[in-house]
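Colleague: Need coordinates for the below:
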Amino acid sequence: MIRKSFRPWGALNWMLPRYPNARWAFIGSAAMEDRCLAARQMLNDHNANGASFIFRIQDGFSRFTDEVERKTNVNQDFFIQLGVQPAEIKNYELLGRDGNIFADINTFLNTVTESNLVIDISCLPKKIFFLLIRLALETPGNIRNILVTYTEPMTYCTEPLAENPSNWAPLPGFLSPRPEPTNKCVIIGLGYEPLGLPELYSSGLFKNSDIRLVFPFPAKPSSVSRNWEFARLLEPVPGHASRNIERVDPLNVPDLFDKLAAITGAGSTHSILAPFGPKPMSLAMCLFASAYSKRTQRPAVYYTQPTVYNPEYSQGVKQINGVSSVFGYCVRLNGTNLYTDPEAIL
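Modeller: Alright, predicted model coming up:
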C-alpha cells in the first residue's frame, strides 16, 4: 500500500543508530515471559538507556499464580542487572484502579528529562498499553521522539494462553460516543484466543454492524491454523468468514493504520475495534483510535481483557542472524506525531 507519509519501522537494532548519541527513557514490563527484557537489553547494548518506568502487573489469583510470580521475580532481577533502579519498578494489580496507574504514568511522562522515549508493549496488557500510548502522544513536546517496540518470542504455548476474560467493555479512554451511532463497523483482530468473543458474536450483539475480520498473514502455518479456528468460531457457516476478511501483515503497523482509515471512510463511519490479534496489529488499532479521537464518530475499542495468563505463554526470544527480533515503530519524530487524522486542526 502506497502512503503519502513516511512512518519508519523495522528492526530496533537497525533503528537505534539512526538517532546518534540519543538516550532513551524506557517504559516496559517485568513479566513472566523471557522477551520482556529484550528491548531494554538492546538499549543497553547501544549505550542508550535512560530513566525507566517498569510495570509489574499482578494477574488475578489462579492455579498459575506461584509459577507466574517465580518467573516474574527472575526477570525483575535481570532488569536490575540491566541498570533499572528498584524504585523504577512499579507494582499494580491488573484488576486494580486504572486511575492510579495513569496518574503515575502522566507524572513520569511530564517529568522525564530525556527527550526520547521507548514504550515496549511486548508484555503489557492491552488494558494498560492502549491508554499509555495515547497519553504519550498527547504529552507536549518535551518528548521529541517516541518508539514503540515489540519483541517476537521463539515459540508460543500450544495450550490456551489466557483465560477468565472480563466482560466485553471499552478499554480505558476509548469509549463509544453517546448515543452510539447506529451505522457502525466492528473490526476484529484475529488471534489465538477468542476469550468469550464467539458467544457475544452469536448472541446478536453485532447483528446490525458491518463486520470485518483482520487476519494476520503471512504467518507460520501453525499460526494460520489457529487464526482460522478463531474465524470459524465467529462465522461457523462455510464461506461466511472469508467474505469478511481483511488480510494484513501482522507486523506492518502503518499499513493496517491506513487500512482502518480506508474501511471507515477516513473516520467518517463509527468503528468498534476489537484487538484480539498480535500486539503490532493492536498497536495499529490503538494509534487509529487515538488519532481519530476528536471526531464526532470517534472510534471505540472494546475487549474482553483476560485476568489469568498461562506461565508458559511464550518461550525465549526469536533470533535473526544472532540478533533478538525486536521491532521498533516510530510514532513521533522530531516532535511530530506520525499517525494522525488528516482533518485534525494542527
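
Colleague: now the end-to-end length of stretch 52-66.
Modeller: 26 Å (CA to CA, to the nearest Å).

Colleague: Report the distance from it to the chain centre.
Modeller: Relative to its chain's centre, stretch 52-66 lies at 18 Å (CA atoms, centre = their mean, to the nearest Å).

Colleague: Would you mind listing the outside residues contacting it?
Modeller: 25-31, 40, 68, 72, 76, 79, 84-85, 88-95, 104-105, 108, 124-125, 128, 163-164, 307-311 (CB atoms under 8 Å, 6 or more residues apart in numbering). (Glycine included, C-beta is placed from N, CA and C.)

Colleague: Restricted to strands, list the residues you listed.
Modeller: 25-29, 89-93, 163-164, 307-309 (DSSP state E).

Colleague: tell me which residues in stretch 287-303 are buried?
Modeller: 287-293, 295, 297-303 (16 or more other CB atoms under 10 Å).

Colleague: Also stretch 119-138?
Modeller: 119-137.

Colleague: And stretch 77-97, by the same measure?
Modeller: So for stretch 77-97, counting by 16+ other CB under 10 Å, buried means 78-79, 84, 89-90, 92, 94.

Colleague: Pull up the distance across that stretch, start to finish.
Modeller: One end of stretch 77-97 sits 26 Å from the other (CA to CA).

Colleague: How are the strands of the stretch 201-346 of the chain distributed by residue range?
Modeller: 210-216, 245-248, 270-275, 300-303, 306-309, 314-315, 319-320, 323-324, 326-333, 336-337 (DSSP state E, counting those that start in this stretch).

Colleague: Next, format the ones you listed as a markdown table and append distance to residue 204.
Modeller: Listed next are those as a markdown table, based on distance: least, CB to CB, whole Å:
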| stretch | distance to residue 204 |
| --- | --- |
| strand 210-216 | 12 |
| strand 245-248 | 21 |
| strand 270-275 | 15 |
| strand 300-303 | 16 |
| strand 306-309 | 24 |
| strand 314-315 | 35 |
| strand 319-320 | 45 |
| strand 323-324 | 45 |
| strand 326-333 | 36 |
| strand 336-337 | 38 |
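
Colleague: As a markdown table, those with mean pLDDT and distance to residue 178 would be great.
Modeller: Shown next, in a markdown table, are those (pLDDT from 0 to 100; distance: least, CB to CB, whole Å):
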| stretch | mean pLDDT | distance to residue 178 |
| --- | --- | --- |
| strand 210-216 | 94 | 21 |
| strand 245-248 | 94 | 28 |
| strand 270-275 | 97 | 11 |
| strand 300-303 | 97 | 11 |
| strand 306-309 | 95 | 27 |
| strand 314-315 | 98 | 39 |
| strand 319-320 | 97 | 47 |
| strand 323-324 | 98 | 44 |
| strand 326-333 | 98 | 29 |
| strand 336-337 | 94 | 27 |
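
Colleague: what's the closest of those strands to residue 12?
Modeller: Residue 12 lies closest to strand 326-333 among the strands of the stretch 201-346 of the chain, at 4.0 Å (CB to CB).

Colleague: other SSEs contacting that closest one?
Modeller: Packing partners of strand 326-333 (3 or more CB pairs under 8 Å, 6 or more residues apart in numbering; DSSP states H and E): strand 9-11, helix 12-15, helix 38-45, helix 126-138, strand 145-151, helix 279-291.

Colleague: To residue 174, which of these lies closest?
Modeller: Using CB to CB, the nearest of these to residue 174 is helix 279-291, at 5.3 Å.

Colleague: now the angle from that closest one to helix 126-138?
Modeller: Angle of helix 279-291 versus helix 126-138, following axes from the mean of the first three to the mean of the last three CA atoms, to 10 degrees, is 50 degrees.

Colleague: so residue 194 makes contact with residue 233?
Modeller: Yes - contact criterion CB atoms under 8 Å: residue 194 and residue 233 qualify, at 5.4 Å.

Colleague: lowest-confidence helix or strand of the chain?
Modeller: The weakest-scoring helix or strand in the chain, judged by mean pLDDT, DSSP states H and E, is helix 240-243 (a mean of 60).

Colleague: low-scoring stretches of the stretch 1-150 of the chain, by residue?
Modeller: 1-4 (pLDDT under 70).

Colleague: re earlier: how about the helices and strands packed on strand 326-333, which one is nearest residue 245?
Modeller: helix 279-291 (13.4 Å).

Colleague: need the buried residues of stretch 77-97 in JSON lines with distance to residue 151, can you?
Modeller: As requested, the buried residues of stretch 77-97 are exported to JSON lines (distance: CB to CB, whole Å):
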{"residue": "78", "distance to residue 151": "14"}
{"residue": "79", "distance to residue 151": "14"}
{"residue": "84", "distance to residue 151": "17"}
{"residue": "89", "distance to residue 151": "19"}
{"residue": "90", "distance to residue 151": "20"}
{"residue": "92", "distance to residue 151": "21"}
{"residue": "94", "distance to residue 151": "21"}
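
Colleague: ok so, going back, residue 194 and residue 233: which has the busier surroundings?
Modeller: residue 194 (21 against 16; other CB atoms under 10 Å).

Colleague: Cool, thanks, talk later.
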